[in-house]
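K.L.:
Predicted model, plus sequence, below.
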Amino acid sequence: MKTLALAAGFATLLGSAAFAQTATTPAAPATTAAPATATTTPATAAAGGPFYTVTAPAAGQMAMSHLASDLDDRDVYGANNEDIGEIEDFVINTDGTIAAVVIEVGGFLGLGEKDVLVNFSELEMVMDGNRMRINAPNLTREALTNAPDTDLDAVFPDHD
């Protein structure tokens with residue numbers, strides 16, 4: 001008799017768990033998809049789950065999401081279209097947003113370079129033919145050269 005009651009209770013418990021998993025949620029309002037444009041609007045996470053969806057860009061258009069490794073060592077062009085440095089790293093906030101970019105400036109063949117922290121909002125990603133180009137229209141090489149050097153090992157002790 002105990003086994004029968006235990007089995008009935010267990011079946012009820014499993015049945016209610018299965019019912020909870022199949023409950024439906026109200027449908028999101030319909031939206032019309034905007035045509036793809038070459039903007040820097042970030043892609044968003046797919047609704048209803050923990051996984052992110054990325055789609056390939058149309059021919060001649062810039063991707064809406066980028067891998068940080070693809071931006072590493074990328075040249076940055078400032079005012080007057082001059083090459084002002086290159087991306088060395090990113091400063092990521094605990095909420096996942098990018099706060100700043102580490103731009104390596106100056107030096108020759110790896111000697112005399114310094115790292116400068118620049119607000120990420122100062123950068124623009126644009127298409128230059130079939131390639132992405134990173135511009136910082138409010139910055140000059142002189143401004144970066146005169147900016148304070150950032151010792152990444154002191155500021156970020158766990159930095160490799």
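P.N.:
Right, received. Where do you want to start?
K.L.:
and the longest strand anywhere in the chain, which strands flank it?
P.N.:
If you go by DSSP state E, the chain has its longest strand at strand 83-92. Applying DSSP bridges, strand 83-92 is found paired with strand 75-78 (antiparallel), strand 98-105 (antiparallel).
K.L.:
Quick one: mean pLDDT over it.
P.N.:
Mean per-residue pLDDT for strand 83-92: 94.
K.L.:
What residues of it count as buried?
P.N.:
84-89, 91 (16 or more other CB atoms under 10 Å). (Glycine included, C-beta is placed from N, CA and C.)
K.L.:
can you give me the strands in this protein?
P.N.:
Here the chain has its strands, by DSSP E, at 75-78, 83-92, 98-105, 114-119, 124-128, 131-136.
K.L.:
mind giving me JSON lines with these and columns for distance to His159?
P.N.:
Shown next, in JSON lines, are the strands of the chain (distance: least, CB to CB, whole Å):
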{"stretch": "strand 75-78", "distance to His159": "21"}
{"stretch": "strand 83-92", "distance to His159": "8"}
{"stretch": "strand 98-105", "distance to His159": "10"}
{"stretch": "strand 114-119", "distance to His159": "11"}
{"stretch": "strand 124-128", "distance to His159": "25"}
{"stretch": "strand 131-136", "distance to His159": "22"}
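K.L.:
Which one of those strands lies nearest to Ala68?
P.N.:
Nearest of the strands of the chain to Ala68, taken as CB to CB: strand 83-92 at 5.8 Å.
K.L.:
Need the contact partners of the closest one.
P.N.:
68, 71-78, 98-106, 115-117, 120, 134, 136, 139-141, 144, 152 (CB atoms under 8 Å, 6 or more residues apart in numbering).
K.L.:
can you rerun that using 7 Å?
P.N.:
Contacts with strand 83-92, where a contact means CB atoms under 7 Å, 6 or more residues apart in numbering, come from 68, 71-78, 98-105, 115, 117, 134, 136, 139-141, 144.
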